[in-house]
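Undergrad: Provide a 3D model corresponding to the input given below.
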Amino acid sequence: MARKNSVYSCTECGATAPKWQGQCPGCGQWNTLVEAIMESATPAASRFASLAGASKLQTLASIKPREEPRQPTGIEEFDRVLGGGLVAGGVVLIGGDPGIGKSTLLLQALARLAEAKQNVLYISGEESGEQVALRAQRLQLDAGELQLLAEINLEKILTVLGSSRPAVAVIDSIQTLWSDALQSAPGSVAQVRECSAQLTRFAKQSGTCVILVGHVTKDGSLAGPRVLEHIVDTVLYFEGDTHSSFRLVRAFKNRFGAVNELGVFAMTDKGLKGVSNPSALFLSQHAQDVAGSCVMVTQEGTRPLLVEIQALVDTAHTNPRRLTVGLEQNRLAMLLAVLHRHAGVVCADQDVFVNAVGGVKIAEPAADLAILLAIVSSLRNKPLPGKLVAFGEVGLAGEIRPAPRGQERLKEAAKLGFTHAIVPKANAPKQAIKGIEVIALERVEQAIEQMRSW
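TA: Numbering: from 1, shown residues only. Have a look, this model is predicted:
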(Lines give C-alpha, C1' and ligand atoms only; values in the text may rest on other atoms or scores of the structure.)
Protein backbone atom coordinates (compact mmCIF):
# COMPACT_ATOMS: atom_id res chain seq x y z
CA MET A 1 0.00 0.00 0.00
CA ALA A 2 1.41 3.37 -1.01
CA ARG A 3 2.34 5.69 1.80
CA LYS A 4 0.21 8.81 2.02
CA ASN A 5 2.05 12.07 1.71
CA SER A 6 2.06 14.12 4.90
CA VAL A 7 2.50 17.80 5.57
CA TYR A 8 3.15 19.69 8.78
CA SER A 9 0.64 22.45 9.59
CA CYS A 10 0.99 25.22 12.18
CA THR A 11 -1.76 25.29 14.79
CA GLU A 12 -1.36 29.07 15.20
CA CYS A 13 -1.36 30.48 11.67
CA GLY A 14 -2.14 27.45 9.46
CA ALA A 15 1.12 27.66 7.47
CA THR A 16 2.49 24.37 6.10
CA ALA A 17 5.97 22.88 5.85
CA PRO A 18 7.13 19.72 4.03
CA LYS A 19 8.95 18.42 7.12
CA TRP A 20 8.86 18.99 10.85
CA GLN A 21 10.89 21.81 12.32
CA GLY A 22 10.93 23.47 15.69
CA GLN A 23 9.88 26.94 14.52
CA CYS A 24 6.97 27.74 12.21
CA PRO A 25 8.22 29.44 9.01
CA GLY A 26 5.05 31.53 8.83
CA CYS A 27 4.50 33.07 12.27
CA GLY A 28 7.75 32.20 14.06
CA GLN A 29 6.07 30.31 16.94
CA TRP A 30 7.89 27.33 18.42
CA ASN A 31 6.63 23.72 18.59
CA THR A 32 3.35 24.44 16.76
CA LEU A 33 3.82 22.18 13.69
CA VAL A 34 1.71 19.01 13.71
CA GLU A 35 1.58 16.28 11.09
CA ALA A 36 -1.42 16.02 8.77
CA ILE A 37 -2.21 14.17 5.57
CA MET A 38 -1.68 16.22 2.41
CA GLU A 39 -5.02 16.94 0.77
CA SER A 40 -5.75 17.34 -2.92
CA ALA A 41 -6.74 20.78 -4.19
CA THR A 42 -9.38 19.40 -6.60
CA PRO A 43 -12.18 18.74 -4.06
CA ALA A 44 -11.78 22.21 -2.53
CA ALA A 45 -12.30 23.88 -5.91
CA SER A 46 -15.59 22.07 -6.44
CA ARG A 47 -16.80 22.66 -2.88
CA PHE A 48 -16.62 26.44 -3.24
CA ALA A 49 -17.68 26.58 -6.90
CA SER A 50 -21.17 27.72 -5.83
CA LEU A 51 -19.69 31.02 -4.62
CA ALA A 52 -18.49 31.98 -8.10
CA GLY A 53 -20.34 34.97 -9.51
CA ALA A 54 -22.03 35.74 -6.20
CA SER A 55 -20.37 39.16 -5.91
CA LYS A 56 -20.68 42.22 -8.10
CA LEU A 57 -18.75 45.47 -8.28
CA GLN A 58 -20.48 48.44 -6.66
CA THR A 59 -19.61 51.76 -5.08
CA LEU A 60 -19.76 52.27 -1.34
CA ALA A 61 -22.18 55.20 -1.74
CA SER A 62 -24.70 52.95 -3.50
CA ILE A 63 -24.89 50.55 -0.54
CA LYS A 64 -27.64 51.33 1.96
CA PRO A 65 -26.49 50.40 5.46
CA ARG A 66 -29.01 48.79 7.76
CA GLU A 67 -28.95 47.82 11.41
CA GLU A 68 -28.98 44.07 11.92
CA PRO A 69 -32.00 42.99 14.00
CA ARG A 70 -31.26 41.16 17.23
CA GLN A 71 -32.76 37.97 18.56
CA PRO A 72 -32.56 38.01 22.39
CA THR A 73 -31.79 34.65 23.95
CA GLY A 74 -33.72 35.37 27.14
CA ILE A 75 -30.52 35.29 29.22
CA GLU A 76 -29.73 38.93 29.97
CA GLU A 77 -26.01 38.52 30.74
CA PHE A 78 -25.47 36.43 27.61
CA ASP A 79 -27.28 39.03 25.47
CA ARG A 80 -25.10 41.75 26.99
CA VAL A 81 -21.90 40.01 25.86
CA LEU A 82 -23.35 39.37 22.39
CA GLY A 83 -24.18 43.07 22.01
CA GLY A 84 -27.95 42.74 22.48
CA GLY A 85 -28.66 39.28 21.11
CA LEU A 86 -27.98 36.92 18.22
CA VAL A 87 -27.74 38.21 14.64
CA ALA A 88 -29.17 36.31 11.68
CA GLY A 89 -26.32 34.83 9.64
CA GLY A 90 -23.78 35.53 12.39
CA VAL A 91 -21.19 32.98 13.51
CA VAL A 92 -20.27 32.89 17.21
CA LEU A 93 -17.28 30.97 18.59
CA ILE A 94 -17.31 30.29 22.33
CA GLY A 95 -14.39 28.63 24.14
CA GLY A 96 -13.46 27.73 27.68
CA ASP A 97 -11.98 25.07 29.94
CA PRO A 98 -13.68 21.65 30.11
CA GLY A 99 -16.62 21.57 32.51
CA ILE A 100 -16.85 25.34 32.92
CA GLY A 101 -20.41 25.54 31.56
CA LYS A 102 -20.33 26.14 27.78
CA SER A 103 -22.82 23.40 26.90
CA THR A 104 -25.02 24.25 29.88
CA LEU A 105 -25.31 27.91 28.89
CA LEU A 106 -26.06 27.16 25.25
CA LEU A 107 -28.63 24.51 26.13
CA GLN A 108 -30.37 27.01 28.41
CA ALA A 109 -30.33 29.65 25.65
CA LEU A 110 -31.77 27.26 23.04
CA ALA A 111 -34.46 26.10 25.47
CA ARG A 112 -35.52 29.75 26.01
CA LEU A 113 -35.62 30.32 22.24
CA ALA A 114 -37.63 27.12 21.72
CA GLU A 115 -40.16 28.31 24.30
CA ALA A 116 -40.50 31.50 22.22
CA LYS A 117 -41.48 29.31 19.23
CA GLN A 118 -38.14 29.75 17.47
CA ASN A 119 -36.83 26.95 15.23
CA VAL A 120 -33.56 25.97 16.92
CA LEU A 121 -31.24 22.98 16.56
CA TYR A 122 -28.63 21.55 18.96
CA ILE A 123 -25.99 19.41 17.21
CA SER A 124 -24.02 17.32 19.69
CA GLY A 125 -20.77 15.77 18.56
CA GLU A 126 -19.45 14.88 22.01
CA GLU A 127 -22.52 13.54 23.81
CA SER A 128 -25.35 11.22 22.84
CA GLY A 129 -28.96 12.34 22.71
CA GLU A 130 -29.66 10.60 26.01
CA GLN A 131 -26.89 12.53 27.76
CA VAL A 132 -28.20 15.85 26.48
CA ALA A 133 -31.73 14.89 27.57
CA LEU A 134 -30.46 14.03 31.05
CA ARG A 135 -28.77 17.43 31.31
CA ALA A 136 -31.97 19.20 30.25
CA GLN A 137 -33.92 17.19 32.83
CA ARG A 138 -31.38 18.00 35.55
CA LEU A 139 -31.58 21.71 34.70
CA GLN A 140 -35.39 21.50 34.66
CA LEU A 141 -35.60 23.01 31.19
CA ASP A 142 -38.75 23.01 29.09
CA ALA A 143 -37.00 21.72 25.97
CA GLY A 144 -39.91 19.89 24.33
CA GLU A 145 -39.65 21.94 21.12
CA LEU A 146 -35.84 21.84 20.97
CA GLN A 147 -34.52 19.77 18.04
CA LEU A 148 -31.48 17.60 18.64
CA LEU A 149 -29.03 15.90 16.29
CA ALA A 150 -26.17 13.70 17.48
CA GLU A 151 -23.81 13.68 14.48
CA ILE A 152 -20.19 14.51 13.64
CA ASN A 153 -20.17 14.16 9.82
CA LEU A 154 -20.15 17.60 8.22
CA GLU A 155 -22.00 16.62 5.05
CA LYS A 156 -24.88 15.05 7.01
CA ILE A 157 -25.05 18.09 9.29
CA LEU A 158 -25.21 20.47 6.32
CA THR A 159 -27.99 18.35 4.78
CA VAL A 160 -30.06 18.55 7.96
CA LEU A 161 -29.40 22.27 8.30
CA GLY A 162 -30.41 22.85 4.69
CA SER A 163 -33.70 20.98 5.10
CA SER A 164 -34.73 22.31 8.52
CA ARG A 165 -33.36 25.88 8.14
CA PRO A 166 -33.24 26.67 11.88
CA ALA A 167 -32.95 30.23 13.16
CA VAL A 168 -30.14 29.21 15.54
CA ALA A 169 -27.89 26.14 15.39
CA VAL A 170 -25.32 25.13 18.00
CA ILE A 171 -22.33 22.93 17.03
CA ASP A 172 -20.87 21.24 20.14
CA SER A 173 -18.04 21.08 19.31
CA ILE A 174 -16.19 22.13 16.13
CA GLN A 175 -13.19 19.90 16.98
CA THR A 176 -15.32 16.73 16.76
CA LEU A 177 -16.56 17.31 13.19
CA TRP A 178 -15.02 15.70 10.14
CA SER A 179 -15.61 16.02 6.40
CA ASP A 180 -15.60 13.24 3.80
CA ALA A 181 -13.59 15.48 1.48
CA LEU A 182 -10.54 15.32 3.78
CA GLN A 183 -8.55 12.33 4.94
CA SER A 184 -7.15 13.76 8.15
CA ALA A 185 -8.57 12.90 11.57
CA PRO A 186 -11.22 14.97 13.40
CA GLY A 187 -9.68 17.84 15.36
CA SER A 188 -6.77 18.31 12.97
CA VAL A 189 -5.94 21.73 11.56
CA ALA A 190 -7.31 20.87 8.12
CA GLN A 191 -10.59 19.45 9.45
CA VAL A 192 -11.26 22.33 11.84
CA ARG A 193 -10.53 24.91 9.16
CA GLU A 194 -12.62 23.15 6.50
CA CYS A 195 -15.63 22.47 8.75
CA SER A 196 -15.72 26.00 10.13
CA ALA A 197 -15.44 27.49 6.63
CA GLN A 198 -18.32 25.35 5.33
CA LEU A 199 -20.54 26.18 8.32
CA THR A 200 -19.73 29.89 8.00
CA ARG A 201 -20.63 29.80 4.30
CA PHE A 202 -23.95 28.13 5.13
CA ALA A 203 -24.71 30.72 7.83
CA LYS A 204 -24.11 33.65 5.46
CA GLN A 205 -26.18 32.14 2.66
CA SER A 206 -29.12 30.88 4.75
CA GLY A 207 -29.35 33.48 7.53
CA THR A 208 -28.99 30.85 10.25
CA CYS A 209 -27.05 31.98 13.31
CA VAL A 210 -24.40 29.31 13.98
CA ILE A 211 -22.77 29.00 17.41
CA LEU A 212 -19.54 26.96 17.50
CA VAL A 213 -18.11 25.51 20.71
CA GLY A 214 -14.32 25.31 20.66
CA HIS A 215 -11.80 23.49 22.82
CA VAL A 216 -8.95 25.39 24.47
CA THR A 217 -5.28 24.54 24.90
CA LYS A 218 -3.30 24.39 28.14
CA ASP A 219 -2.60 28.13 28.07
CA GLY A 220 -6.31 28.92 27.67
CA SER A 221 -6.35 29.89 23.97
CA LEU A 222 -8.67 28.31 21.43
CA ALA A 223 -7.32 25.09 19.95
CA GLY A 224 -6.80 24.83 16.21
CA PRO A 225 -5.59 27.40 13.67
CA ARG A 226 -5.88 31.07 14.54
CA VAL A 227 -7.69 31.60 11.24
CA LEU A 228 -10.74 30.16 13.01
CA GLU A 229 -11.04 33.34 15.08
CA HIS A 230 -10.76 35.49 11.95
CA ILE A 231 -13.50 33.58 10.11
CA VAL A 232 -16.20 33.98 12.76
CA ASP A 233 -18.03 37.20 13.69
CA THR A 234 -17.88 36.91 17.48
CA VAL A 235 -15.38 35.25 19.83
CA LEU A 236 -16.41 34.63 23.46
CA TYR A 237 -14.31 33.16 26.25
CA PHE A 238 -15.49 31.52 29.46
CA GLU A 239 -13.36 32.49 32.45
CA GLY A 240 -13.36 31.44 36.07
CA ASP A 241 -12.26 28.63 38.33
CA THR A 242 -14.15 25.37 37.92
CA HIS A 243 -14.02 25.00 41.72
CA SER A 244 -15.87 28.31 42.14
CA SER A 245 -19.54 28.88 41.45
CA PHE A 246 -18.96 32.09 39.47
CA ARG A 247 -18.30 32.28 35.73
CA LEU A 248 -17.32 35.18 33.50
CA VAL A 249 -18.08 35.35 29.78
CA ARG A 250 -15.97 37.92 27.94
CA ALA A 251 -16.18 39.09 24.32
CA PHE A 252 -12.79 39.39 22.60
CA LYS A 253 -14.17 40.03 19.12
CA ASN A 254 -17.61 41.19 18.04
CA ARG A 255 -18.47 42.55 14.62
CA PHE A 256 -21.97 43.43 15.82
CA GLY A 257 -21.21 44.89 19.26
CA ALA A 258 -18.65 46.14 21.74
CA VAL A 259 -15.57 44.11 22.59
CA ASN A 260 -14.38 43.46 26.15
CA GLU A 261 -17.99 43.24 27.27
CA LEU A 262 -18.42 41.07 30.36
CA GLY A 263 -21.21 38.78 31.49
CA VAL A 264 -21.26 37.39 35.03
CA PHE A 265 -22.97 34.11 35.93
CA ALA A 266 -23.39 31.97 39.01
CA MET A 267 -23.46 28.19 38.58
CA THR A 268 -26.41 26.66 40.46
CA ASP A 269 -28.11 23.27 40.50
CA LYS A 270 -30.48 24.64 37.82
CA GLY A 271 -27.75 25.92 35.52
CA LEU A 272 -26.15 29.30 35.02
CA LYS A 273 -27.94 32.30 36.48
CA GLY A 274 -27.09 35.89 35.59
CA VAL A 275 -25.74 38.07 38.39
CA SER A 276 -27.50 41.45 38.50
CA ASN A 277 -24.92 43.12 40.80
CA PRO A 278 -21.52 41.65 39.87
CA SER A 279 -19.59 44.21 41.93
CA ALA A 280 -20.69 42.36 45.07
CA LEU A 281 -18.71 39.31 43.87
CA PHE A 282 -15.43 41.19 43.76
CA LEU A 283 -15.72 43.01 47.08
CA SER A 284 -14.72 41.20 50.26
CA GLN A 285 -16.88 41.72 53.33
CA HIS A 286 -14.48 42.75 56.10
CA ALA A 287 -15.78 43.17 59.65
CA GLN A 288 -13.38 46.09 60.02
CA ASP A 289 -10.91 48.01 57.85
CA VAL A 290 -7.80 45.97 57.03
CA ALA A 291 -4.40 47.02 55.72
CA GLY A 292 -3.44 46.22 52.14
CA SER A 293 -6.93 46.56 50.65
CA CYS A 294 -8.12 49.17 48.15
CA VAL A 295 -11.24 49.17 45.96
CA MET A 296 -10.97 50.29 42.34
CA VAL A 297 -13.58 50.91 39.64
CA THR A 298 -12.75 49.09 36.41
CA GLN A 299 -14.59 49.45 33.13
CA GLU A 300 -15.59 46.24 31.35
CA GLY A 301 -17.17 47.26 28.07
CA THR A 302 -20.16 49.43 28.98
CA ARG A 303 -20.29 48.22 32.58
CA PRO A 304 -18.32 49.73 35.50
CA LEU A 305 -17.31 47.13 38.10
CA LEU A 306 -15.95 47.61 41.59
CA VAL A 307 -13.07 45.23 42.32
CA GLU A 308 -11.06 44.92 45.51
CA ILE A 309 -7.29 44.97 45.05
CA GLN A 310 -5.39 43.27 47.86
CA ALA A 311 -1.66 43.59 48.48
CA LEU A 312 0.62 41.82 50.93
CA VAL A 313 4.12 43.23 51.57
CA ASP A 314 6.37 41.08 53.75
CA THR A 315 10.09 40.88 54.51
CA ALA A 316 11.91 38.74 51.96
CA HIS A 317 14.09 35.97 53.39
CA THR A 318 15.83 35.26 50.07
CA ASN A 319 15.39 37.04 46.74
CA PRO A 320 12.37 39.40 46.83
CA ARG A 321 9.41 38.06 44.85
CA ARG A 322 6.82 39.93 42.79
CA LEU A 323 3.63 37.94 42.25
CA THR A 324 0.27 39.03 40.83
CA VAL A 325 -3.04 37.21 40.37
CA GLY A 326 -5.45 38.76 37.86
CA LEU A 327 -3.04 41.61 37.10
CA GLU A 328 0.03 42.06 34.89
CA GLN A 329 3.21 41.08 36.71
CA ASN A 330 5.58 43.25 34.64
CA ARG A 331 3.47 46.29 35.40
CA LEU A 332 3.83 45.63 39.14
CA ALA A 333 7.63 45.85 38.87
CA MET A 334 7.31 49.14 37.02
CA LEU A 335 4.92 50.57 39.64
CA LEU A 336 7.30 49.65 42.46
CA ALA A 337 10.09 51.52 40.68
CA VAL A 338 7.85 54.59 40.29
CA LEU A 339 6.88 54.35 43.96
CA HIS A 340 10.54 54.33 44.98
CA ARG A 341 11.72 57.07 42.64
CA HIS A 342 8.91 59.61 43.09
CA ALA A 343 7.42 58.85 46.52
CA GLY A 344 10.45 57.55 48.40
CA VAL A 345 8.75 54.27 49.38
CA VAL A 346 11.29 51.41 49.24
CA CYS A 347 10.18 47.80 48.66
CA ALA A 348 13.47 46.42 47.31
CA ASP A 349 13.88 44.02 50.27
CA GLN A 350 10.20 43.05 50.47
CA ASP A 351 8.07 40.33 48.93
CA VAL A 352 5.10 41.94 47.17
CA PHE A 353 1.95 39.95 46.36
CA VAL A 354 -1.03 41.59 44.63
CA ASN A 355 -4.40 39.94 43.99
CA ALA A 356 -7.65 40.96 42.29
CA VAL A 357 -10.45 39.48 44.40
CA GLY A 358 -13.01 37.17 42.79
CA GLY A 359 -10.89 35.72 39.99
CA VAL A 360 -11.43 38.67 37.66
CA LYS A 361 -8.62 39.63 35.26
CA ILE A 362 -7.89 43.35 34.98
CA ALA A 363 -5.95 44.42 31.90
CA GLU A 364 -6.53 48.19 31.90
CA PRO A 365 -3.88 50.50 33.41
CA ALA A 366 -6.52 52.35 35.48
CA ALA A 367 -5.75 49.87 38.27
CA ASP A 368 -2.28 51.41 38.86
CA LEU A 369 -3.31 53.91 41.53
CA ALA A 370 -5.31 51.37 43.54
CA ILE A 371 -2.37 48.92 43.41
CA LEU A 372 0.05 51.53 44.77
CA LEU A 373 -2.31 52.56 47.57
CA ALA A 374 -2.83 48.92 48.58
CA ILE A 375 0.95 48.28 48.60
CA VAL A 376 1.70 51.31 50.77
CA SER A 377 -1.19 50.43 53.08
CA SER A 378 0.20 46.91 53.60
CA LEU A 379 3.80 48.14 53.98
CA ARG A 380 2.85 50.60 56.71
CA ASN A 381 0.14 48.35 58.17
CA LYS A 382 -2.28 51.25 57.96
CA PRO A 383 -5.80 50.52 56.64
CA LEU A 384 -7.41 52.77 54.09
CA PRO A 385 -10.92 54.09 54.73
CA GLY A 386 -13.48 51.36 54.06
CA LYS A 387 -15.63 53.52 51.76
CA LEU A 388 -12.76 54.67 49.52
CA VAL A 389 -12.34 53.92 45.81
CA ALA A 390 -9.45 54.84 43.54
CA PHE A 391 -8.60 54.60 39.86
CA GLY A 392 -6.05 56.13 37.52
CA GLU A 393 -3.03 55.25 35.38
CA VAL A 394 0.43 55.99 36.78
CA GLY A 395 3.17 57.10 34.39
CA LEU A 396 6.91 56.62 34.70
CA ALA A 397 7.33 60.29 35.53
CA GLY A 398 5.06 59.86 38.55
CA GLU A 399 2.04 61.60 37.04
CA ILE A 400 -1.50 60.21 37.46
CA ARG A 401 -3.13 59.95 34.05
CA PRO A 402 -6.91 59.99 33.46
CA ALA A 403 -9.00 56.89 32.86
CA PRO A 404 -11.80 56.71 30.27
CA ARG A 405 -15.40 57.13 31.41
CA GLY A 406 -14.49 58.58 34.77
CA GLN A 407 -17.99 59.95 35.38
CA GLU A 408 -19.60 56.53 35.01
CA ARG A 409 -17.07 55.01 37.39
CA LEU A 410 -17.77 57.62 40.08
CA LYS A 411 -21.54 57.29 39.73
CA GLU A 412 -21.30 53.52 40.11
CA ALA A 413 -19.19 53.89 43.26
CA ALA A 414 -21.63 56.42 44.73
CA LYS A 415 -24.55 54.12 43.94
CA LEU A 416 -22.91 51.32 45.94
CA GLY A 417 -22.39 53.52 49.00
CA PHE A 418 -18.77 54.68 48.66
CA THR A 419 -18.15 58.13 50.11
CA HIS A 420 -14.58 59.00 49.01
CA ALA A 421 -12.71 58.66 45.71
CA ILE A 422 -9.11 59.37 44.70
CA VAL A 423 -9.03 60.06 40.97
CA PRO A 424 -6.78 61.80 38.42
CA LYS A 425 -7.29 65.54 38.20
CA ALA A 426 -8.50 65.23 34.61
CA ASN A 427 -11.32 62.93 35.81
CA ALA A 428 -12.61 65.39 38.42
CA PRO A 429 -16.35 65.90 37.79
CA LYS A 430 -17.49 69.37 36.74
CA GLN A 431 -20.52 69.01 38.97
CA ALA A 432 -20.50 67.38 42.39
CA ILE A 433 -21.81 63.81 42.54
CA LYS A 434 -24.21 63.31 45.40
CA GLY A 435 -22.92 61.15 48.23
CA ILE A 436 -19.25 60.95 47.25
CA GLU A 437 -16.31 63.28 47.90
CA VAL A 438 -13.83 63.34 45.02
CA ILE A 439 -10.13 63.97 45.71
CA ALA A 440 -8.43 64.88 42.40
CA LEU A 441 -4.63 64.49 42.33
CA GLU A 442 -1.88 64.94 39.77
CA ARG A 443 1.13 63.10 41.25
CA VAL A 444 1.88 59.83 43.02
CA GLU A 445 3.55 61.63 45.93
CA GLN A 446 0.31 63.57 46.49
CA ALA A 447 -1.60 60.29 46.83
CA ILE A 448 0.91 58.96 49.38
CA GLU A 449 0.75 62.26 51.30
CA GLN A 450 -3.05 62.01 51.30
CA MET A 451 -2.75 58.60 53.00
CA ARG A 452 -0.78 60.16 55.86
CA SER A 453 -3.68 62.51 56.66
CA TRP A 454 -6.07 59.61 57.32
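Undergrad: so where's this protein shaky on pLDDT?
TA: 1-5, 37-55, 218-220, 223-225, 242 (pLDDT under 70).
Undergrad: Can you report how many residues lie near the spatially closest residue to residue 15 that is not a sequence neighbour?
TA: Sequence neighbours aside, residue 26 is the residue nearest to residue 15 in space, at 2.9 Å (criterion: CB to CB, 6 or more residues apart in numbering). Backbone N, C-alpha and C define where each C-beta goes, glycine included. For residue 26, the count of nearby residues is 16 (other CB atoms under 10 Å).
Undergrad: On the three-state scheme, residue 26 is what?
TA: coil (DSSP: H, G, I helix; E, B strand; the rest coil).
Undergrad: Please apply the same query to residue 341.
TA: helix.
Undergrad: what sits against it?
TA: By CB atoms under 8 Å, 6 or more residues apart in numbering, the contact list for residue 341 reads residue 398.
Undergrad: which residues of the stretch 101-250 of the chain fall in strands?
TA: Ranges of strands in the stretch 101-250 of the chain, per DSSP state E, counting those that start in this stretch, are 120-124, 147-150, 168-172, 209-214, 234-239, 246-254.
Undergrad: partners of the longest strand out of those in the chain, with directions?
TA: In the chain, with assignment by DSSP state E, the single longest strand is strand 303-315. If you go by DSSP bridges, strand 303-315 pairs up with strand 293-300 (antiparallel), strand 350-356 (antiparallel).
Undergrad: Outside of the last one itself, list whatever touches it.
TA: Strand 350-356 is touched from outside by 282, 307-316, 320-327, 332, 336, 362, 367, 371, 374-375, 379, with contacts defined as CB under 8 Å, 6+ apart.
Undergrad: Stretch 312-319 now?
TA: Residues from elsewhere that reach stretch 312-319 (CB under 8 Å, 6+ apart): 292, 347, 349, 350, 351, 352, 353, 354, 375, 378, 379.
Undergrad: separation between residue 403 and residue 228?
TA: Going from residue 403 to residue 228 by CB to CB, to the nearest Å gives 34 Å.
Undergrad: no wait, residue 276
TA: 33 Å.
Undergrad: Looking at those two, which is more packed in?
TA: Neighbour tally, residue 276 and residue 228, criterion other CB under 10 Å: the higher count belongs to residue 228, 24 against 9.
Undergrad: So the residue nearest to residue 15 sits against residue 8, correct?
TA: No: using CB atoms under 8 Å, residue 26 is not in contact with residue 8, being 11.3 Å away.
Undergrad: who are the neighbours in contact with residue 194?
TA: 154, 179, 181, 182.
Undergrad: where's the third one relative to residue 124, distance?
TA: Looking back up the chat, that one is residue 181. Plainly put, residue 181 is 23 Å away from residue 124 if you go by CB to CB.
Undergrad: Please say which of these two ends up with more neighbours.
TA: With neighbours defined as other CB under 10 Å, residue 181 and residue 124 compare such that residue 124 has more, 22 against 18.
Undergrad: Could I get the contacting residues of the closest residue to the more buried one other than its chain neighbours?
TA: Leaving aside its chain neighbours, residue 124 sits nearest to residue 150 (5.0 Å; criterion: CB to CB, 6+ apart). By CB under 8 Å, 6+ apart, the residues touching residue 150 are 123, 124, 125, 127, 128, 129, 132.
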